[in-house]
Every structure is written in structure tokens, then in C-alpha cells.
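K.L.:
Below are the sequence and a predicted model for it; my questions follow.
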Amino acid sequence: MESQELPYVLVDCIGGRLGVYEDHLGFLKKRFHLITMKEYLENKTLLSKKIRAIYVWYHKPAINEELLQSLPNLKVVASAGVGIDHLDLKLLSSYGVKVSNTPFVVSTDTADMGMALMLASSRRLVEGHEMAVSPDTEYFPVDWLGVEVSGATLGIVGMGKIGYKVAERAKAFEMKILYHNRNQRKKEEESAVGAIYCKKIDDLLQQSDFVLLAATLTPQTHKMIGKRELELMKPTATLINISRGLIVDQDALVEALQNKVIKAAALDVTYPEPLPRDHPLLKLKNVIITPHIGSATKKTRWVMMEEMAESIEAGLAGLPIPREVLP
Ligand SMILES: O=CC(=O)O
């Protein structure tokens with residue numbers, strides 16, 4: 001097939017680079033004619049009617065009404081990952097645009113990331129590494145006490161696919177597992193991992209040594225962890241967030257960490273991302289921040305890309321869209 005016959009798909013640039021892995025380009029370019037946002041904006045008249053799909057990676061490009069109005073032949077938006085809080089599904093549907101995501105493939109890696117953050121924070125891996133490689137620090141390991149993960153109480157907020165996978169891992173660490181979720185899991189699912197349901201989040205917050213956030217961002221969960229909730233946590237507890245930054249009131253978190261209301265935080269997500277370089281969270285020793293890399297392993301990112309391509313191809317062929325997200 002000639003490249004001009006391939007469907008035109010809009011992608012964005014992130015930090016001046018194409019928001020697509022180098023390794024994925026060969027696969028994608030065989031199927032699609034990729035147009036960057038910059039190319040599109042420079043050549044709107046020629047391109048607006050040609051673009052039929054948008055490939056959304058790391059929440060980019062932002063899709064608003066103005067963009068939708070300018071793309072009369074847009075049929076599919078394929079979004080990487082499970083969260084779709086960056087998309088206005090009703091608006092997209094009103095323009096006849098179908099949406100897909102990649103909800104299944106990200107769970108294992110994101111759960112691994114939750115465990116990695118919990119272990120890294122509790123055993124002070126980042127601080128320890130910095131000290132161990134620093135040329136002018138005297139190496140004095142007896143200072144480096146952490147807290148135990150094995151046998152501690154883990155409270156999982158949001159027991160969907162990712163939360164449940166965290167529970168499976170935590171079971172191997174002999175943790176006591178509490179969870180809070182809109183709906184209680186089936187008894188057999190609870191007993192398979194030894195998880196105890198807390199209908200009231202307060203009970204979970206008061207008892208947990210580690211509170212791990214794996215809830216979907218919705219208007220109901222927006223800033224659900226605020227000053228009150230942080231004050232309910234133990235002063236020895238750590239907050240881990242692998243879902244979305246906006247689940248937490250970040251100003252309240254900064255205050256709680258500065259005043260030792262809680263012990264520490266380990267965050268794969270913040271708002272905004274990245275944080276401004278002078279943000280107070282970046283100055284705190286009891287905080288670990290990673291750049292939203294829950295699903296960032298080579299294999300998973302490849303499958304995500306394949307699934308997105310598959311959804312675009314199906315949508316453009318008028319077939320049912322795998323993993324379609326309905327408004
Ligand atoms: O943030 C990542 C995802 O939504 O999968």
C-alpha cells in the first residue's frame with residue numbers, strides 16, 4: 001500500500017519529541033500516516049479533512065471542542081492506558097467519535113509499581129542510593145533504619161483490576177490487607193488474597209501503615225484524600241499513589257508531610273505532571289516521585305500500542321471497536 005493511502009492519524013509531541021516510542025514507529029508507520037499536532041496546525045486546511053483518528057499518549061493531544069470541530073472525518077480516539085479522565089466522552093460521542101483504551105494490559109505492571117514505591121519508600125532506597133554514590137558522605141549504615149513492609153497493614157483504596165493485583169502481591173509479603181471500594185468484592189475474591197472490606201474509608205485510613213491509591217479519577221474521587229483524611233492516617237503511615245494526582249489534595253499533602261502528620265509519600269502521579277521545579281513536594285526528603293511510569297515496561301507499552309492500532313483499524317473499517325469505552 002502506498003503511504004498516502006494509509007489513514008491519517010493525529011499524534012502529539014511531548015517535550016518537543018513525538019509522543020510515540022521510537023521502537024513503535026515502524027509498526028505504526030506501516031499502518032498509519034502519522035501527523036503531529038504541529039504539522040496539523042501548520043497545515044490545517046490540507047489536513048483537517050484527512051485526519052480520521054487520534055492516538056492519545058500520556059493524555060496528549062488534549063481533545064477539546066475546537067479540535068473536534070476542525071476534524072470533520074474523525075472517527076476514533078485510541079487512548080493509551082486505563083484512565084480516561086482526560087477525555088470528555090459525551091462530547092466525543094456527540095461528534096460521532098468512538099473511544100478505546102487499553103484497560104487490561106496495564107494492571108500487572110502498575111501493581112508492581114505500587115509495590116516498588118512501597119518498598120522504595122519504606123526502605124529509603126532513593127535516599128540510600130544518593131548517600132551511597134555521593135563522594136563526600138561518610139558511609140554509615142547504622143543510621144539507615146526503615147520500616148517493615150512484611151507483616152504491615154496495607155489499605156488499598158480502589159479495588160479494581162490494579163488494586164486487586166496489588167493485593168495479590170501484598171499477600172506474598174504477608175501483609176494484612178484492607179480495602180475500600182464502591183462495591184464489595186465477591187467473598188471468594190476477598191478470601192483468595194485475604195482482603196477485608198472497609199465500607200468506610202476512615203476505618204482503612206486509621207488502621208493502615210501504607211495507604212495505596214488505585215482508584216479511578218471521577219468527580220466522586222477528585223481530591224478524596226484531603227486534610228481530614230490525612231489527619232486520620234497514622235503519623236507513621238505512608239501514602240502511595242499510582243492512580244491520578246488529583247485523587248489527592250496536593251496542598252494538604254504537602255502540609256501533612258511538612259508537619260509530620262504522616263511519615264512519607266511515594267507518588268507516581270501528581271498534578272501537574274511534571275511538577276514545577278520549585279514545587280514544595282520536590283523539596284521534601286520523605287517523598288519519592290516517579291514520572292507516571294506505572295505501565296512503562298517494554299512489553300506492556302508494546303501491547304498498548306498494538307491494541308491502540310487495532311482499535312483504530314477496527315473503528316475505521318466500521319467494525320466493533322475492541323475495548324471501546326462507552327460514554
Ligand atoms: O496512567 C495510566 C493509565 O491510565 O493506564
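P.N.:
On my side now, so go ahead. Residues are numbered from 1 along each chain as shown.
K.L.:
Against Glu273, how distant is Val56?
P.N.:
The gap separating Val56 from Glu273 is 15 Å, by C-beta to C-beta, to the nearest Å. Heads up, the C-betas are built off the backbone N, CA and C, glycines and all.
K.L.:
Compare the two (neighbour count), which wins?
P.N.:
Using other C-beta atoms under 10 Å, the more surrounded residue of Val56 and Glu273 is Val56, with 26 against 14.
K.L.:
Check for me that the more buried one belongs to a helix.
P.N.:
No: under DSSP: H, G, I helix; E, B strand; the rest coil, Val56 sits outside any helix and is assigned strand.
K.L.:
List the contacts of it.
P.N.:
The contact partners of Val56, taken as C-beta atoms under 8 Å, 6 or more residues apart in numbering, are 12, 63, 77-80, 86-87.
K.L.:
near the ligand, which of those show up?
P.N.:
Among those, not one lies near the ligand by C-beta under 6 Å from any ligand atom.
K.L.:
Can you tell me which of those residues is nearest Arg123?
P.N.:
Ala80 (31.1 Å; C-beta to C-beta).
K.L.:
In terms of pLDDT, where does the closest one sit?
P.N.:
Reading off the confidence values, Ala80 has pLDDT 96.
K.L.:
Over to Gly16?
P.N.:
69.
K.L.:
Check the gap between Gly315 and the ligand for me.
P.N.:
Distance from Gly315 to the ligand, counting by C-beta to the nearest ligand atom, to the nearest Å: 20 Å.
K.L.:
On the three-state scheme, that residue is what?
P.N.:
Strictly by three-state DSSP, Gly315 counts as helix.
K.L.:
OK, contacts around the closest residue to it other than its chain neighbours?
P.N.:
Leaving out its chain neighbours, the residue that sits closest to Gly315 by C-beta to C-beta, 6 or more residues apart in numbering is Val76, at 3.4 Å. By C-beta under 8 Å, 6+ apart, the residues touching Val76 are 52-54, 97-100, 311-312, 315-316, 321.
K.L.:
mind redoing it with 10 Å?
P.N.:
Residues near Val76 by C-beta atoms under 10 Å, 6 or more residues apart in numbering: 7, 9, 52-55, 92, 97-100, 308, 311-316, 321, 324.
K.L.:
With Ile225 instead?
P.N.:
Going by C-beta under 10 Å, 6+ apart, Ile225 touches 157, 201, 205, 211, 213, 215, 232-233, 239, 241, 247-250, 252-253, 256.
K.L.:
Tell me the bridge partners for it.
P.N.:
Val248 (DSSP bridges).
K.L.:
Let me know how buried the closest residue to the ligand within the chain is, in neighbour terms.
P.N.:
Proximity of the chain to the ligand (C-beta to the nearest ligand atom) peaks at Gly81, 2.5 Å away. Counted with other C-beta under 10 Å, the neighbours of Gly81 add up to 23.
K.L.:
same question, Asn286
P.N.:
For Asn286, using other C-beta under 10 Å, the count is 16.
K.L.:
On the pLDDT front, check it for me.
P.N.:
At Asn286, pLDDT is 95.
K.L.:
Now the residue nearest to Leu34 when sequence neighbours are not counted, what are its backbone angles?
P.N.:
Ranked by C-beta to C-beta, 6+ apart and with sequence neighbours excluded, the top spatial neighbour of Leu34 is Val11, at 5.3 Å. The phi and psi torsions at Val11 (degrees, to the nearest 10) take the values phi -130, psi 170.
K.L.:
can you pull up the bridge partners for Val11?
P.N.:
Thr36.
K.L.:
Surely it is in contact with Lys29?
P.N.:
No: look at Val11 against Lys29 with C-beta atoms under 10 Å: they stay out of range, at 11.1 Å.
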